[in-house]
Structures are given as structure tokens and as C-alpha cells.
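A.B. asks: Structure of the sequence below:
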Amino acid sequence: MSGIEGAFSTTVRAVLTPHPMKEMRVKNNYIQHKVVKAAQGIKICARDNMDKTLAGMPVYVAKYPEEAEVLMAIANKALKEELKSIKLASEGVYVQASTLGSLEALLQFLKDSKIKYSGVSIGPVHKKDVMKASVMLQHDKEFACLLAFDVKVERDARKQLILSVCVYLLQISYIICLISSWATRTNLKIEEKKKTKTVLSFRAGYASYRRVYSILGIPL
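C.D. replies: Residues are numbered from 1 along each chain as shown. Model (predicted):
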């Protein structure tokens, strides 16, 4: 299986399906199967590491123990190829989503909204993700923003956000909320620019006074 920290192997304990006319996401008693046929939604119960599973990626089944390492390499390669297929801009926001499918949907939404993105990741937001987003502070502060869609922000990431004061965290649960949140941030940036004071140094001997106004010479 593909995981947030790379591919891993585990032992399947049970393959479950909900009862007919029952919803998978609602807590109910499940039917246990030895064999299932495509296509239907199933719930896999495994021994460990299931909390690290990356939704949206293929599941590989090893019939023999020696096949596990080969299939893990294939899973890692598949994930890398998926992420490499995403075209990134040299300058843009950093995007984080819970699954590959939600990441693709969010990137399409950003593309349609003409919001550039320079980096992507899947899974909870960690300190390293904030540091990647902070790179934009050296290029364009407008894009020093981390868009977190339906993901948890870990404690180490929140500490890094406090240190990187200029990195803006935009955490959303629904894509439709993104436009209003981004517009609010953009308006705040415009107001900040208006309030920014400009300090000029005047040259002595280059001043002309009138009744209503004054002309002062400055070095260029």
C-alpha cells in the first residue's frame, strides 16, 4: 500500500462490506468476505500502519512473502509518477490535501481560478511543509501561503508557523470556501500596502516653498 511516508506492507485481517442498502460511512455491522469481486466498496481491516494509508492509490496483493518488497517498490514508483505529472509554477502557493483525488480536484479549482501553485503534498501538515511554503518569502510574499484542504495541522507545523510569521495558513474543509478566503486574504494584503509608509531623504538646498505647496529635492 502507498502511505504518507512511503509504501508499506501489512497483513489483511478481514475484508468487509456493508449490508445491502446501507451506507459505508455510517457505523453499522459489516458482512465479512473471503473473496470479493469488482466493483464494490470494501473496508479492509489490517494489522498495522493503516492510519498512514494514502487514499486514492492502488492496493497491491502479495501472494508470497518475497513479492512484498517488489510490490512496495512499484507502489513508491506509482506515487512518484503521480506527483511528477502535476505541473508546478516557479512561484505560487503550497498545496496540501488529504487524498490524491482531493488534491487533483483542488489543483483544477486553483487553475480555473488563476491561482498559481509551486508545491504540493498529501497528508497532514508538518514542519517541513511550512518550511517549503516559506521559500516564497524570498520571491513573492503574496504566495507565502499554505493551502491545507481537509488535513490536520500537526503541532510541529503550528510551532513553525509561529516562527515564520509571514507564512499564511489557509485551512479549508470545502473547496467552495477557498475563493472567499483567498479574496479576504488578498484584500488584507492590499490594505497593508496602502498603510505602508515610505521614508524619503531630502537634499539640503533643494527646497522651493509656495503658499499652498512645497517642492523638495530627493536623491534618485
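A.B. asks: so where do the helices sit in the chain?
C.D. replies: 67-84, 100-112, 127-133, 155-163, 176-195 (DSSP state H).
A.B. asks: Return the most buried member of the ones you listed.
C.D. replies: Highest mean neighbour count among these (mean count of other Cβ atoms under 10 Å): helix 127-133, with a mean of 20. Just so you know, the C-beta spots here come from the backbone N, C-alpha and C atoms, and that holds for glycine as well.
A.B. asks: what pLDDT, on average, does that one get?
C.D. replies: Averaging the model's pLDDT scores along helix 127-133 yields 88.
A.B. asks: go on, stretch 172-186?
C.D. replies: 75.
A.B. asks: Mind listing residues that contact that stretch?
C.D. replies: Outside of stretch 172-186, the residues within contact range by Cβ atoms under 8 Å, 6 or more residues apart in numbering are 105-106, 109-110, 113, 115, 145, 147-150, 168, 170.
A.B. asks: One more pass at 7 Å, please.
C.D. replies: Stretch 172-186 has contacts (Cβ atoms under 7 Å, 6 or more residues apart in numbering) with 105-106, 109, 113, 115, 149-150, 168, 170.
A.B. asks: Next: stretch 102-112.
C.D. replies: With Cβ under 7 Å, 6+ apart, stretch 102-112 has contacts from 86, 95, 97, 117, 120, 122, 149-150, 175, 178.
A.B. asks: In strands, which of the residues you listed fall?
C.D. replies: Counted as lying in strands by DSSP state E, out of the contacts of stretch 102-112, are 95, 97, 117, 120, 122, 149.
A.B. asks: for the contacts of stretch 102-112, which one is nearest residue 50?
C.D. replies: Ranked by distance to residue 50 (Cβ to Cβ), the contacts of stretch 102-112 are led by residue 122 at 15.9 Å.
A.B. asks: returning to that earlier point: could you export the helices of the chain as CSV, including distance to residue 5?
C.D. replies: As requested, the helices of the chain are exported to CSV (distance: least, Cβ to Cβ, whole Å):
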stretch, distance to residue 5
helix 67-84, 11
helix 100-112, 15
helix 127-133, 12
helix 155-163, 15
helix 176-195, 27
